[in-house]
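J.: turn this into a structure:
(chains A, B, C and D)
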2 protein chains.
Amino acid sequence: MDGKPYIAQRPKRADGRRNYDAILAAARKAFESAGADASLEDIASQAGVAIGTLYRHFPTRASLVEAATRDGLENLVAHAERLTAGPDPLGALVAWMREAVVHFSTFRGLVGILAQSMYDEGTPSHTMCSAMHRSGADLLRAAQAAGRVRPDLTPDELFDLLSGAAWVREQATPDRDGSARFLELVLEGITTRD
Amino acid sequence: MDGKPYIAQRPKRADGRRNYDAILAAARKAFESAGADASLEDIASQAGVAIGTLYRHFPTRASLVEAATRDGLENLVAHAERLTAGPDPLGALVAWMREAVVHFSTFRGLVGILAQSMYDEGTPSHTMCSAMHRSGADLLRAAQAAGRVRPDLTPDELFDLLSGAAWVREQATPDRDGSARFLELVLEGITTRD
DNA sequence: ACCTGAACACCGTTCAAGT
DNA sequence: ACCTGAACACCGTTCAAGT
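T.: Down below sits the predicted model:
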């Protein structure tokens, strides 16, 4: 029944591709300053296109958010693959976790969207979220196999912890960002004692 | 310069008080089902009043949220005072933390509002948030004095952890609520080893 | 002191007309 | 295949007129 979610695609025609790119650039800027519920009309006019053009390329806000964050999440997955099977499984997991928290909190509202997408297949970001879930699960499993992380921690739980840290970071102001400390304390809770 | 935030007050005249109460009841119901950005027109019509009446009693959305959550937070503070100076400081802190997470996640969007209010005096919920901060800090200090919680944990950090757990709970679906486990893992990280 | 609801502003979304 | 912008809908917010 519920059709697959719409995933935005870069057009082939030159003018369409130019507008598509301009909209994405404007959207990233707007999301960063105004959060995930930034005005779509602002984004369109910043990109120099009519509102109908924005809707043609990105029929839903979720599809625009997905397209605007796709690269960042792809990098995160790629980095996980590079870290896998290294000599220091705990170090790899921790490094990846720090990176994940930063990506999840690229702009206000993103971590909430990702958390919803993680378990909702009808969502544009679901595919990327699943890939990320697998990446994190691999790194977690390796750290657990090395006996450095408590064996009863599940990947879902890991993502709750990462999301919580990202949410704290998203709420932070320049003078007050407790997310690094948050992650430290979490690590204290999930790593095994020497 | 920046004037004090408006704090809603229950009117003295009977008809005003009746409407005030009806609006609050409708708002609580609406916030619970639609989150903190529920439609104000819906709330007004559910309460059986015109939209202008809602604005008269609650000139800003923040003032309505504050009034709708005041009792719950007062209870939380009162409960902390009852727990203080008991025989089991760690147990008291843990019990209060669990309760705080539940209250913070009464409806979607609340924990974000509280986190903002905690450090912004120009906000209706700031007063209540400060009282809560003090309550939690007292319980934390006692647990630390008893040597049961790491001494370098600050009250601000405690609230980041509680807010993170509440945010996870707010995102949860009936079949998937990782907030209890989240809090367990956090406690593992902040309590001292026997 | 309190209530009503029309009026205005703003923004999301659709779609007919165009190239 | 893509673009434009008018049109419509919805909702937040204000305020003049009323009791």
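J.: residue numbers of chain A in contact with chain B?
T.: Within chain A, the residues that sit near chain B (C-beta under 8 Å from any C-beta of the partner chain) are A:112, A:115-116, A:119, A:153, A:156-157, A:160-161, A:163-165, A:167-168, A:171, A:173, A:176, A:178-179, A:181-182, A:185-190, A:193. Glycine gets a C-beta too; all of them are placed from N, C-alpha and C.
J.: domain assignment for chain A?
T.: Using automatic domain parsing, the domain parsing of chain A gives A:14-61, A:64-190.
J.: of these, which is nearest DNA strand D?
T.: Smallest distance to DNA strand D across the domains of chain A (C-beta to the nearest atom of the strand): 1.9 Å, for domain A:14-61.
J.: report whether that closest one contacts DNA strand D.
T.: Yes - contact between domain A:14-61 and DNA strand D is present through A:15-16, A:18-19, A:49-53, A:55-57 (criterion: C-beta under 7 Å from any atom of the strand).
J.: quick check: residue A:162 touching residue A:104?
T.: Yes - contact criterion C-beta atoms under 8 Å: residue A:162 and residue A:104 qualify, at 6.6 Å.
J.: who's more crowded, the two?
T.: Taking other C-beta atoms under 10 Å in any protein chain shown, residue A:162 and residue A:104 do not tie; residue A:104 has more neighbours (27 against 24).
J.: circling back to that earlier point, any chance of a markdown table for the domains of chain A, columns mean pLDDT?
T.: Listed next are those as a markdown table, based on pLDDT from 0 to 100:
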| stretch | mean pLDDT |
| --- | --- |
| domain A:14-61 | 98 |
| domain A:64-190 | 97 |
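J.: return the most buried member of these.
T.: Greatest average neighbour count among the domains of chain A goes to domain A:64-190 (a mean of 19), per mean count of other C-beta atoms under 10 Å in any protein chain shown.
J.: that one spans what distance, first to last residue?
T.: Its start and end residues considered, domain A:64-190 measures 35 Å (C-alpha to C-alpha, to the nearest Å).
J.: off-centre distance for that domain?
T.: The chain centre lies 8 Å from the centre of domain A:64-190; the measure is C-alpha atoms, centre = their mean, to the nearest Å.
J.: re earlier: just put the domains of chain A in a markdown table and tack on distance to DNA strand C.
T.: Shown next, in a markdown table, are the domains of chain A (distance: least, C-beta to the nearest atom of the strand, whole Å):
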| stretch | distance to DNA strand C |
| --- | --- |
| domain A:14-61 | 3 |
| domain A:64-190 | 9 |
